[in-house]
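> predicted model and sequence follow; I will ask about them next.
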Amino acid sequence: MTSHKTAQTMKPATAAKKLGVYLEATPAEFREGVVTRDELNALQADPPEWLRELRRTGPHPRPVVAAKLGVSIGGLTRGGITEPLTTEQIEALKAESPDWLVRERATQAEVRQEAVRVKEQKH
């Protein structure tokens, strides 16, 4: 008896999330199909030009925007950022350094310090 292993597939939204890119900015053939685990691994190991360009210039999904700005996703929302941003827009925000961004970065730093303190306390 031979067992046939079926390829594990995922929706394009899941694959985009794993790749750290904004789904709506991906090519139509990516958005309209399904992605196998092997295809995802291949995209991660040797990204095609469209993926390299998306990662370089955006638009970036909110988790990536938050990470690049050094704030939480909730902090983005409190700052009024609800849409994906390009790398250029992120750099402009960093340069402008609005009050909300300064506040949210400070909050994020406190959260990280507290996490370290709790972790050290457990050991």
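It's in.
> residue ranges with poor pLDDT in this protein?
Scanning the chain for pLDDT under 70 picks out the ranges 1-6.
> and the helices in it, which stretches?
12-19, 28-31, 37-45, 49-57, 62-69, 73-78, 87-96, 99-122 (DSSP state H).
> just send these back as JSON lines, with mean neighbour count too.
(Glycine included, C-beta is placed from N, CA and C.) Listed next are the helices of the chain as JSON lines, based on neighbours: other Cβ atoms under 10 Å:
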{"stretch": "helix 12-19", "mean neighbour count": "17"}
{"stretch": "helix 28-31", "mean neighbour count": "12"}
{"stretch": "helix 37-45", "mean neighbour count": "13"}
{"stretch": "helix 49-57", "mean neighbour count": "13"}
{"stretch": "helix 62-69", "mean neighbour count": "18"}
{"stretch": "helix 73-78", "mean neighbour count": "16"}
{"stretch": "helix 87-96", "mean neighbour count": "13"}
{"stretch": "helix 99-122", "mean neighbour count": "12"}
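> how about the residue nearest to the spatial centre of the chain, nearest residue that isn't a chain neighbour?
For the chain, the residue whose C-alpha lies nearest the mean C-alpha position (Cα atoms, centre = their mean) is Val64; its distance is 3.4 Å. Nearest residue to Val64 in three dimensions, chain neighbours excluded: Gly20, at 5.5 Å (Cβ to Cβ, 6 or more residues apart in numbering).
> count the neighbours of Thr26 for me.
19 (other Cβ atoms under 10 Å).
> Lys68 versus Arg62, what's the distance?
Separation of Arg62 from Lys68 (Cβ to Cβ, to the nearest Å): 11 Å.
> make that Arg105, sorry
Separation of Arg105 from Lys68 (Cβ to Cβ): 12 Å.
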